[in-house]
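Asks: take a look and give me a structure for this.
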Amino acid sequence: MDLSFNLEEKAKLHQQIKISSGDKITLLIPEIANDTVYIDGVIDAVLPAENFLNTLNNAVSLLNSVVFSISYDNDAKIFVKVKVNMANNGFVVLDATLVEILGFDKQKFTNGQHIAKVPFNEELLEATKHSAENKYIKYVEKQIDIVNPSDDSLDAFCEALYLSFRNAGEEIFVTLDQNENFINFDIRKDYLEFMFPKSISDYLRISSTFHFTKQISIQVPESFEEHSFNHVLCCSNLIDYQAYGSSEYPIIRLIDIGKEGIKGHFCVTFPSVNYYPLLYNHFKTVSTTFIVRSSKYDINLHPSTAVLHIRKK
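Replies: Take a look at the predicted model:
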């Protein structure tokens, strides 16, 4: 098979995401307070739960954001409740050992009232000597500018986001997986969160109120997948469709433009022969099309040729 065509750089790259000067990323920067509750393994023989919760409430009273109380079920078993009222959509992270004593199945408590899943554990309280470290997190919002991507490729998009965070003094890595199917966000600071503006959220098909925390991967939108490739597809109407990215084409040959690109006239004779079954036993016309899947290159108006070989079974 012989192919011949001319490639030229696009006069102006089409920017897939329109980022205006008013678009900002919202950083939620944590402010953390701590307290320590000493568990000494000694309990009040009459009212161990009540006594321990009084000690606990005294330890957290300065913040005036967390209150512990108890309730009883029908079998007179004690269940702990905690009411959280942190400013700026904050939350509380209780010590793991303390959580086990209180009967909760989680360490993080957002605003509202929470009730333990299992009864208060008096035996564990009596057997424990431990300094319980609790954290109280509230957030300060900071709007940061978004660096414009250098082109409409996925690599440029991820690099622009990384630079936006770095310019704001935060270490958040934004990378692609090997197959360019997912964008990975890795937040290095504990409890730091962020939200994208509507333009980027809509493009990534997520809610504009979605909070990015710790490590999160977002699937690449289909329209962006196409511009992540750098290929010329030689297609014919005589063969069946094959998968390419998120679409299908009747591809006879695929030419990899590569990172360095192909400048000007390109001509190739493939040493190996690939035969595909024909869709039709009889046909009057043969249509051959070159499709460029690249953010940087396009075929110009110079003549292009493709020499096909058809043989009988």
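
Asks: can you measure across stretch 65-80, start residue to end residue?
Replies: End-to-end distance for stretch 65-80, by CA to CA, to the nearest Å: 17 Å.

Asks: buried ones in that stretch?
Replies: By 16 or more other CB atoms under 10 Å, the buried positions in stretch 65-80 come out as Ser65, Val66, Val67, Phe68, Ile70, Ile78, Phe79, Val80. Where C-beta positions appear, they are placed from N, C-alpha and C, glycine not excepted.

Asks: I'd like the distance between the second one and Asn85.
Replies: Spatial separation of Val66 from Asn85 under the definition CB to CB, to the nearest Å is 8 Å.

Asks: swap in the first one?
Replies: Applying CB to CB, the value for Ser65 to Asn85 is 5 Å.

Asks: quick one: least confident helix or strand in the protein?
Replies: Sorting the helices and strands of the chain by mean pLDDT, DSSP states H and E puts helix 222-226 at the bottom, at a mean of 54.

Asks: could you point out which element follows that helix?
Replies: Next helix or strand after helix 222-226 toward the C-terminus (DSSP states H and E): strand 231-236.

Asks: who's in contact with that next one?
Replies: Contact partners of strand 231-236, identified using CB atoms under 8 Å, 6 or more residues apart in numbering, comprise 3, 5, 7, 244, 249-257, 286-294, 299, 306, 308.

Asks: partners of it in the sheet?
Replies: Sheet pairing of strand 231-236 (DSSP bridges) gives strand 251-256 (antiparallel), strand 288-293 (antiparallel).

Asks: and Glu133, what does it touch?
Replies: Going by CB under 8 Å, 6+ apart, Glu133 touches Asn34, Asp35, Thr36, Asp95.

Asks: I'd say the first one and Asn134 touch.
Replies: Yes. The pair Asn34 / Asn134 is scored as a contact, 6.8 Å apart, by CB atoms under 8 Å.

Asks: so how many other residues sit close to Phe196?
Replies: Neighbouring residues of Phe196 were enumerated by other CB atoms under 10 Å; the total is 22.

Asks: I meant to write Leu254 there.
Replies: By the measure other CB under 10 Å, the count of residues near Leu254 is 15.

Asks: any idea how far it is from Asn181?
Replies: Remark: distance between Leu254 and Asn181 (CB to CB) = 19 Å.

Asks: check which helices and strands the helix or strand Ala243 falls within sits against.
Replies: Ala243 is located in strand 242-244, with elements delineated by DSSP H and E. The contact analysis (3 or more CB pairs under 8 Å, 6 or more residues apart in numbering; DSSP states H and E) places strand 242-244 against strand 251-256.

Asks: give me the contact list for the strand it packs on.
Replies: Applying CB under 8 Å, 6+ apart, the contact partners of strand 251-256 are 1, 3, 230-236, 239, 242, 244, 262, 266, 268, 270, 274, 276, 288, 306, 308.

Asks: check stretch 71-86 too.
Replies: 49, 53, 65-70, 91-92, 102-104, 109-116, 119-120, 136-138.

Asks: could you flag which of the contacts of strand 251-256 are buried?
Replies: Among those, those buried by neighbour count (16+ other CB under 10 Å) are 1, 3, 230-236, 239, 244, 262, 266, 288, 306.

Asks: most widely separated two among the residues you listed?
Replies: Spatial extent of the buried ones among the contacts of strand 251-256 (CB to CB) is set by the pair Ile239 and Ile262 at 24.3 Å.

Asks: give me the domain ranges for this structure.
Replies: 2-11+229-307, 36-139, 146-224 (automatic domain parsing).
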